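Sharing a model that was predicted from the sequence below.
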Amino acid sequence: MLLIPGLRMPSITVLCVLACGLPDKNLGQLADDGSTAGEPTASGTDPTTTTTDTGPGDDTGGDFACGDPAAPPPRCVEDADLDQVRLACDNAPDITNPGQEDLDADGIGDVADLCQTITSDPSADSDRDGIGNACDSCPSTVDHYEGAVDVTLPDGLRFRNVPDLGDLDGDGVGDACDNCVAVPNCGDYDGAAPWQVGDPIDRDDTTQCQADADRDGVGDACQGLVVGALAVAAVGLGPDDDFDQDGLANGVDACARLPLVVDDDTLCDGDGDCPSGSQCEPRVGESQGVCNHPDHDGDGIGDACDTCATASNPEQLVDGGLQQDDQDGDFVGNACEATAECGVHPDSPPSGFYALAAEGLCCAAQLQALGDGTLALVATGRPLSDPDGRPIKLECSDADVAAGLCRRLPASVAARPGVLEAPPGCEALLDGQPAWSVAPLSLAEVASVDDFWGFRCELPQLDQDFDGIGDACDFCMFAFDPDNTPYVDAQGELWPLNGKYCNGAYSIENTCGE
């Protein structure tokens, strides 16, 4: 079955496509005799890692080539990310990816590649939205777009690095940064011959793209026009104008730069006709209104353009407010960061490709709660446990914690959309299907690579040990430790940027026992 972007179909198979820059992690070792061999070094380099990087034909890798289905499972020390792929063959050694998907065949696994279908710099992301520059229809920084206008834009129409690839007019300039959302004005690209990821385009040549002679933020090609089928006013920046031509005046549009997806749920007679979190906005002179963008936290900002769709943070729209609410500029508000410490470490939500998504968030879950109360990682089936082997559960009494029988999944992790439960708005789409059973799309299920990008959605920020400390600021990103405990060596020296549970007695060499 081939899927078409925009159609709501049940998802079927597996391709987990993530993208997030990660810091270097150390797997230091402290020998049992108290020597300093294997300790984390001042440079952050682990002197023992060279012994675990094995390849085909050596004494641990055998004569099996990478990808050979007959190869034995990797040795414990060769698989720090626990995906059953040995280090020398792993195309994303810091991220669990048992399938080793690599759409552009550039040797960088899709989970670590910000532009999964184009061979390019896998980490280049100027605006920190989690979408690589070569694949991003709004690749520049907010300052770049603001520098092209001479007016102060209304709060709801300020440029922001919204991680959205929507391009209503097909001109290669994403809706989030387009000065004519509904009218093509960049080269020869348009709805009939739309720009596709990888096509050549010069978005900075204002003689061919985004011409705006008076620099008022509205492109010359659409100034004062009414072109949308549901538009309530002409293109403009005023509260009664309809900048994106979607039937919602700017003053009430919860995402004034992102046009609504027009479908059977768009028109309404009352709030009861609208999806969860949305309300019916009347249209002057029309018998029916239009359902606004869902806004589940009630802060007046639609989920699709909200830095934190589950906690109210209206300050993000005010001049200077976005910088305070999102200090690291990764379009994740403070209240939604994996942990407070990660608020100053850019950690954009990774990309997934799913048939089902609500307001840009993938309708899926990363963990499955099992019948005995334990939790398993959906991607591999691996049960979650702490560094001492104690199972991690949703419910673990204080007495059982004290007795060392189990650990409790942090409440902040359990509540994070996409971890145990699908994000808001997914319930109707899933129609009773458990979120953990929803699998990512494979390229074989869509007509083309171009269509594949139409199914892009966001997954939770990486926290691969589910301890509530995001990988970007976790000292040991595969060791469950909600306290992020730093390492103290046998001589009593504190290593403030190295974690206790992946160094010394807990190093991979010592815990593997090899």
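Thanks, I have the structure now. Since the structure is predicted, the reported quantities are computational estimates derived from the model, not experimental observations. Residues are numbered from 1 along each chain as shown.

Near the closest residue to Trp195 other than its chain neighbours, how many residues? Count them for me, please.
Leaving aside its chain neighbours, Trp195 sits nearest to Gly172 (3.1 Å; criterion: CB to CB, 6 or more residues apart in numbering). Any C-beta I mention is one placed from the backbone N, CA and C, and that applies to glycine too. Gly172 has 24 neighbouring residues, counting by other CB atoms under 10 Å.

you'd agree Gly172 is up against Asp199?
Yes: Gly172 is within contact range of Asp199, at 6.9 Å (criterion: CB atoms under 8 Å).

joint contacts of these two?
Shared contacts of Gly172 and Asp199, defined by CB atoms under 8 Å, 6 or more residues apart in numbering, comprise Tyr189.

Show me where the stretch 101-250 of the chain has its helices.
Per DSSP state H, counting those that start in this stretch, the stretch 101-250 of the chain carries helices over the ranges 142-146.

ok, and for stretch 479-496, which residues are buried?
Across stretch 479-496, burial judged by 16 or more other CB atoms under 10 Å covers Ala479, Phe480, Asp481, Pro482, Asn484, Tyr487, Asp489, Trp495.

Quickly name whichever of those residues is closest to Cys473.
Asn484 (7.7 Å; CB to CB).

Tell me the pLDDT of that closest one.
Listed pLDDT for Asn484 reads 97.

for Val262, same thing?
Checking the pLDDT column for Val262, the value is 80.

Same check on the one 5 residues further on?
Confidence at Leu267, expressed as pLDDT, is 94.

which one is it nearest to, not counting chain neighbours?
Leaving aside its sequence neighbours, Leu267 sits nearest to Gln288 (CB to CB, 6+ apart; 4.5 Å).

So the one you found sits against Gly270, correct?
No: at 9.8 Å, Gln288 does not count as touching Gly270 under the criterion of CB under 8 Å.

and those two? which has more neighbours close in?
The residue with more neighbours, out of Gln288 and Gly270, is Gln288; 15 against 11, by other CB under 10 Å.

any idea how far Pro282 is from that one?
The spacing between Gln288 and Pro282, counted by CB to CB, to the nearest Å, is 9 Å.

ok, now Pro194?
33 Å.

and what of Gln116?
42 Å.

do Cys363 as well
30 Å.

Comparing these two, which shows the higher neighbour count?
For the pair Cys363 and Pro282, the greater number of neighbours falls to Cys363 (26 against 15), based on other CB under 10 Å.

Which strand runs longest in the chain?
strand 494-499 (DSSP state E).

Counting by contacts, list what it packs against.
When contacts are defined as 3 or more CB pairs under 8 Å, 6 or more residues apart in numbering; DSSP states H and E, strand 494-499 sits against strand 486-488.

tell me which strands and helices the strand it packs on is in contact with?
Using 3+ CB pairs under 8 Å, 6+ apart: strand 486-488 touches strand 494-499.

After the strand it packs on, which helix or strand is next?
Per DSSP states H and E, the first helix or strand lying C-terminal to strand 494-499 is helix 508-512.

Buried residues, that following helix. List them.
Going by neighbour count (16+ other CB under 10 Å), the buried part of helix 508-512 is Ile508, Glu509, Asn510, Thr511.

returning to what we had before: in contact with the residue nearest to Trp195, which residues?
Here Gly172 is in contact with Ser137, Cys186, Gly187, Tyr189, Pro194, Trp195, Asp199, Ile201, Arg203, Cys209 (CB under 8 Å, 6+ apart).

Now do the same contact list for the second one.
Same thing as Cys186. Cys186 makes contacts with Asp171, Gly172, Val173, Trp195, Ile201, Arg203, Gln208, Cys209, Gln210, as judged by CB under 8 Å, 6+ apart.

State the distance from it to Gln196.
Here the criterion is CB to CB. By it, Cys186 lies 13 Å from Gln196.

So what's the residue count around Pro349?
Using other CB under 10 Å, Pro349 has 26 neighbouring residues.

what's the closest non-adjacent residue to it?
Of all residues not flanking Pro349 in the chain, Glu458 sits nearest, at 4.3 Å (CB to CB, 6+ apart).

mind checking pLDDT for the residue lying closest to Arg215 once chain neighbours are set aside?
Using CB to CB, 6+ apart and skipping residues adjacent in sequence, the residue nearest Arg215 is Asp150, 4.3 Å away. For Asp150, the pLDDT comes out at 97.

Asp372: which element?
Per DSSP H and E, Asp372 falls between elements, in no helix or strand.

low-confidence ranges in the chain?
For the chain, the stretches with pLDDT under 70 are 1-62, 514.

Pull up the gap between the residue nearest to Arg215 and Ala435, please.
47 Å.

Ok, Ala358 next?
For Ala358, the distance to Ala435 - CB to CB - is 11 Å.

Over to Cys362?
10 Å.

And the two? Which one has more around it.
Here Cys362 and Ala435 are set side by side on neighbour count (other CB under 10 Å), and the busier one is Cys362, at 32 against 24.

My guess is the more buried one contacts Cys457. True?
Yes: under the criterion of CB under 8 Å, Cys362 makes contact with Cys457 at 4.0 Å.

Give the residues shared as contacts by those two.
Joint contacts of Cys362 and Cys457 (CB under 8 Å, 6+ apart) are Gly352, Tyr354.

For the stretch 351-500 of the chain, which segments count as helices?
So, for the stretch 351-500 of the chain - with DSSP H, counting those that start in this stretch - the helices run 398-402, 411-414, 427-430, 449-452.

Out of those helices, the one nearest Pro122 is which?
Taking CB to CB, helix 449-452 is the member of the helices of the stretch 351-500 of the chain nearest to Pro122, at 16.7 Å.

Flag every buried residue along that closest one.
With burial defined by 16+ other CB under 10 Å, the residues of helix 449-452 counted as buried are Val449, Asp450, Asp451, Phe452.

Of those residues, which is the nearest to Val332?
Phe452 (24.5 Å).

Give the closest residue to that closest one in space, chain neighbours not counted.
Of all residues not flanking Phe452 in the chain, Val446 sits nearest, at 4.9 Å (CB to CB, 6+ apart).

Would you agree that neighbour is in contact with Arg456?
No: Val446 is beyond contact range of Arg456, at 11.5 Å (criterion: CB under 8 Å).

So for these two, which sits in the more crowded spot?
More neighbours surround Arg456 than the other of Val446 and Arg456, with 24 against 21 (other CB under 10 Å).

ok, the more buried one - contacts?
For Arg456, the contact set (CB under 8 Å, 6+ apart) comprises Ile131, Leu165, Ser351, Gly352, Phe353.
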